[in-house]
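In: sequence and predicted structure, then a few things I'm wondering about:
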Amino acid sequence: MSSMSTDEPRDHHGNPADLNEYIARLDDPARDEWQRPDVVLNALGITPTSVACDVGAGTGYFALRLAKLAAQVYAVDVEPQLLVLLRDRVASAGLQNVTLVLGLPHDPLVPAAACDLILVVNVFHHVPEKAAYLRRLQAALRPGGRVAIIDFHKRELPVGPPVDHKLSREDCLEQVRAAGLQVVTELDSLPYQYFFVLSPKESHVR
């Protein structure tokens, strides 16, 4: 997730075409300093009975952490090669509560009413039909379930994609409203990213 040039070759998902380089960025030890995974997960109130989903799981940066906190984790990605890598990491860690899902760009293919929490980190700016995708995520929530979106502010930053690939906070909120979701909490604990916790408008916040 280091900075990228606008002329860098990209695949059909908008990721760098060099998969090994992309994996190295996802796994960069320096990422912890600005992604703050412990802060993120502590803010989400995950319990040992929670069913969580990591959309855009990649190399397992969040999915493997979630698996140590939750009862079950769906790890979704659209890139088969990343899921192969993640499968091996899940096995090496001795985890038995991670289900790998090969999603589609327009549909995560998560079972209906299955999740207490769906985490979408550094992924939403890739999604082609954003409001429709959020509605599909909403259908995968259990009663009282939440969606958490974390993505890069649309400005020059030392990490993340080029500015023209980013989705602004305001545009993200527009898609959230169009999908029938509401912001339960907005956290400002990340230096380069906005962080929303969302719920369906008709649900009661717990």
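Out: Thanks, I have it. Numbering: from 1, shown residues only.

In: for the chain, which spans come out with low pLDDT?
Out: Applying pLDDT under 70 to the chain flags the ranges 1-17, 203-206.

In: pick out the residue closest to the middle of it.
Out: By CA atoms, centre = their mean, the chain has its centre lying nearest to residue 120, at 2.2 Å.

In: just give me the longest strand of this structure.
Out: In the chain, assigned by DSSP state E, the strand with the most residues is strand 141-152.

In: re earlier: show me what the residue nearest to the centre of the chain bridges to in the sheet.
Out: Beta-bridge pairing for residue 120 (DSSP bridges): residue 55, residue 149.

In: contacting residues around it?
Out: By CB atoms under 8 Å, 6 or more residues apart in numbering, residue 120 lies in contact with 55, 56, 137, 147, 148, 149, 150, 151. (Each C-beta comes from the backbone N, C-alpha and C, glycine too.)

In: and of those, the nearest to residue 195?
Out: Within the contacts of residue 120, the smallest distance to residue 195 is 4.9 Å, found for residue 150 (CB to CB).

In: how close does that closest one get to residue 80?
Out: To residue 80, residue 150 is 24 Å away according to CB to CB, to the nearest Å.

In: which one of the two is surrounded by more residues?
Out: Each of residue 150 and residue 80 has its neighbours counted (other CB atoms under 10 Å); residue 150 has more, 22 against 10.

In: do you know how far the more buried one is from residue 198?
Out: Using CB to CB, we find residue 150 at a distance of 12 Å from residue 198.

In: by residue count, which helix of this protein is the longest?
Out: Using DSSP state H to define each element, the chain has its longest helix at helix 80-92.

In: list the buried ones in it?
Out: 82, 83, 85, 86, 89, 90 (16 or more other CB atoms under 10 Å).

In: of the residues you listed, which is the nearest to residue 24?
Out: Closest approach to residue 24 among these (CB to CB): residue 85, at 12.0 Å.

In: which residues touch the closest one?
Out: Listed by CB under 8 Å, 6+ apart, the contact set of residue 85 reads 23, 59.

In: gap between it and residue 77?
Out: Going from residue 85 to residue 77 by CB to CB gives 10 Å.

In: about what we covered before: roughly how far out does the longest strand of the chain sit from the chain middle?
Out: Taking CA atoms, centre = their mean, to the nearest Å, the mean C-alpha location of strand 141-152 is offset from the chain mean by 9 Å.

In: again with stretch 144-155
Out: The answer for stretch 144-155 is 8 Å, by CA atoms, centre = their mean.

In: return the set of buried residues in it.
Out: Buried residues in stretch 144-155, defined by neighbour count with 16+ other CB under 10 Å: 145, 146, 147, 148, 149, 150, 151, 152, 153, 154.

In: same question for stretch 47-63.
Out: Residues of stretch 47-63 classed as buried: 50-63 (neighbour count, 16+ other CB under 10 Å).

In: quick revisit: how about the contacts of residue 120 in TSV, adding distance to residue 112?
Out: Output for the contacts of residue 120, formatted as TSV (distance: CB to CB, whole Å):
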residue	distance to residue 112
55	15
56	20
137	11
147	15
148	19
149	20
150	24
151	25
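
In: just curious, which of these is nearest to residue 27?
Out: Compare each of the contacts of residue 120 with residue 27 using CB to CB and the shortest gap goes to residue 56, at 14.7 Å.
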